[in-house]
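Student: any chance you can model this:
(one chain, ligands or ions: 1)
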Amino acid sequence: MPDIAFVNGRFLPWQDATVSIDDRGFQFGDAVYEVIRTYRGSPFELGAHLDRLDRSAAQLSIPQPYTRKQWTQWIHQGLSLAGYPDAKIYIQVTRGVAPREHNFPVESRPTVVMTIRAIHAIGPETRRTGVTACTREDLRWGRCDIKSVNLLANVLAREEARKASVFETILVRDGCVMEGAVSNVMAVQGDVIVTAPESPRILSGVTRTVVLKLAGREELVVEERFMSVDSLYQADEVFLTGTTIEILGVVLIDGKLIGSGRPGPVTQALAARWALLTG
Ligand code: PLP
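Tutor: Model (predicted):
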C-alpha cells in the first residue's frame, strides 16, 4: 500500500509532489493545515476538521480552494488509492505562489497539498502505563486558535520534551497551563475535569470537543478554565487528547508523580468510551 501525495488537484508519485520555492507557505509559513485520522478507512470527525480548516483559513483571509463536497471527494479518492485502514491525512493550504513580499499578493491562488500515510499508533503498553511530561514557558504567538503551519515554538517545545526524555511538553503562560505542544491537556479533580477554555491561547482540538462530550456521559463536571501548574501536579489524574494521541494518561510531570502514578479510572473510562466510538 503506497503513501499518497496530492498537489493542487492531482495525485502524484511522492517524488514528483513538489511546490514552488516562491510558495508563501515555504517563505512565510503563510498557510493553514489539518491532520485527520481514519479508523477502518473512515475519516473521524471529518466535518469538524474541515470546519476548523475553514475557520483557520478565514482568519488569515486565505481563500478556501474547495467546497466541502470537493474536499470530501478528494479525501475519499486518496484513501482508496492508499488503502490504509488506519491512515493519517495531512492537508495544507497556503496563500499560494508570489514574489517574496510580506503583503498579501494581489493575485495568487492557494496551494493545496495533501498526504496520506499509515498511522503509527501509540501502543497498548504505553496506554496502559501512561506517559511523562515536562512544563515549559509557552513561546507561541497570540493566535494559537488558528491551525497555522507556524509551528516553530511547538517544534522547540517538542525538542525540550526529547531532551528531557518525556513524551510531551506542557505549555505554560503566566503560570497557567495552556495545552501540550501537540495536544490538549485535561486534569481530573474528583469528578471534575478541568481544561483550558477555548481562546486565542489554545488550539481547540477536535478530540478535546469529543472528549468533553464523553465526559458529560460519564456524569463528570467539565470546567473550562485556566489552572495553575501546581494544581496540575496535585490533580488526581492528567491526560492528553489529540487526533493521533487520542486519550493518553500522564503519570509524571516535571518529575512529580500524578495521582497513583498510573492512568486513573476517569482516564480509563473515557478511553474505553473512545474505543467504542472509534472501534
Ligand atoms: N493543541 C495543539 C497545539 C495541537 O497541535 C493539537 C494537534 O495537533 C491539538 C491541540 C489537538 O488537536 P486535535 O484534537 O484536533 O488533533
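
Student: tally of neighbours for the nearest residue to residue 180 once chain neighbours are set aside?
Tutor: Of all residues not flanking residue 180 in the chain, residue 168 sits nearest, at 4.6 Å (Cβ to Cβ, 6 or more residues apart in numbering). (C-beta placed from N, C-alpha, C; glycine too.) Other residues lying near residue 168 total 25 when counted by other Cβ atoms under 10 Å.

Student: what about residue 168, distance to residue 109?
Tutor: Distance, residue 168 to residue 109, using Cβ to Cβ, to the nearest Å: 37 Å.

Student: tell me how far stretch 114-126 is from the chain's mean position?
Tutor: For stretch 114-126, the separation from the chain centroid amounts to 13 Å (computed by Cα atoms, centre = their mean, to the nearest Å).

Student: do that stretch and the ligand meet?
Tutor: No: using Cβ under 6 Å from any ligand atom, stretch 114-126 stays clear of the ligand, with a minimum separation of 12.5 Å.

Student: buried ones in that stretch, by neighbour count?
Tutor: By 16 or more other Cβ atoms under 10 Å, the buried positions in stretch 114-126 come out as 114, 115, 116, 117, 119.

Student: so the first one touches residue 78, yeah?
Tutor: Yes: Residue 114 lies in contact with residue 78 (Cβ atoms under 8 Å); the separation is 6.1 Å.

Student: quick one: common contacting residues for those two?
Tutor: 4, 6, 89 (Cβ atoms under 8 Å, 6 or more residues apart in numbering).

Student: what's the lowest-pLDDT member of those?
Tutor: Minimum pLDDT across the shared contacts of residue 114 and residue 78 is recorded for residue 4, with 93.

Student: what about that residue, neighbour count?
Tutor: Applying other Cβ under 10 Å, we find 24 residues neighbouring residue 4.

Student: near the ligand, which residues of this protein?
Tutor: Residues of the chain lying near the ligand (Cβ under 6 Å from any ligand atom): 35, 154, 179, 182-184, 203, 205-208, 241-243.

Student: and what about residue 26, helix, strand or coil?
Tutor: Secondary structure for residue 26, judged by DSSP: H, G, I helix; E, B strand; the rest coil, is helix.
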